[in-house]
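# The sequence and its predicted three-dimensional model are supplied below.
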Amino acid sequence: MSGGEVTVALQHASCGLPADRFRRVLTHVLSAEGVAVRCLALVVASRETVQDLHRRYLDRDAPTDVLAFDYGAEQADPNAPAVDGEIYIDFDTARERCREFGADEEEEAMRYAIHGLLHLMGYRDKAPADKAQMRAIEDRYLRATGYFSA
């Protein structure tokens, strides 16, 4: 990975996770995938914030755990992939659903961050096989960065 900046904004009032942990995980994924970064922003936000963005920009008035906005769709060199975008994760949902998946809130939030980054790198999850592939990749990166509890 080379080039741009990875920023993390912890906007959720009760998120006590250090921004550097998110930055480290995202940087690891980018490096392992061989993807450069132009500009990447991760925002850890509330359910209301993420749902508002979902409604305003994707015309879906429903909660979602993660949103990824890709600003680099028209890349100058398709042979040198680079990420340029924003990821918003719903920390309220991470806190509420983590135990359902046998994780803690930090691991679940990291999964959402990785998931959003994978979307910015071109991974899709509409088809069941694609969803399973993304889940396996998320698991691999959670394990590699010390967050996999299963």
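Sure, I can see it. Numbers count the residues shown, from 1 in each chain.
# Would you quantify the distance from the closest residue to Ala62 other than its chain neighbours to Glu48?
Leaving out its chain neighbours, the residue that sits closest to Ala62 by CB to CB, 6 or more residues apart in numbering is His54, at 6.6 Å. Just so you know, the C-beta spots here come from the backbone N, C-alpha and C atoms, and that holds for glycine as well. Applying CB to CB, to the nearest Å, the value for His54 to Glu48 is 11 Å.
# neighbour count winner among the two?
His54 (18 against 11; other CB atoms under 10 Å).
# what comes up buried for the strand or helix carrying Tyr141?
Applying DSSP states H and E as the criterion places Tyr141 in helix 128-144. Within helix 128-144, the residues that count as buried by 16 or more other CB atoms under 10 Å are 134, 137-138, 141-142.
# Closest one to Ala41 out of the residues you listed, please.
Taking CB to CB as the measure, Tyr141 is the one of the buried residues of helix 128-144 closest to Ala41, at 19.0 Å.
# Could you pull out the helices in this protein for me?
19-33, 47-58, 91-97, 105-120, 128-144 (DSSP state H).
# Can you add distance to Asp65 and mean pLDDT and give those helices back as JSON lines?
Shown next, in JSON lines, are the helices of the chain (distance: least, CB to CB, whole Å; pLDDT from 0 to 100):
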{"stretch": "helix 19-33", "distance to Asp65": "15", "mean pLDDT": "96"}
{"stretch": "helix 47-58", "distance to Asp65": "8", "mean pLDDT": "96"}
{"stretch": "helix 91-97", "distance to Asp65": "5", "mean pLDDT": "95"}
{"stretch": "helix 105-120", "distance to Asp65": "5", "mean pLDDT": "96"}
{"stretch": "helix 128-144", "distance to Asp65": "12", "mean pLDDT": "96"}
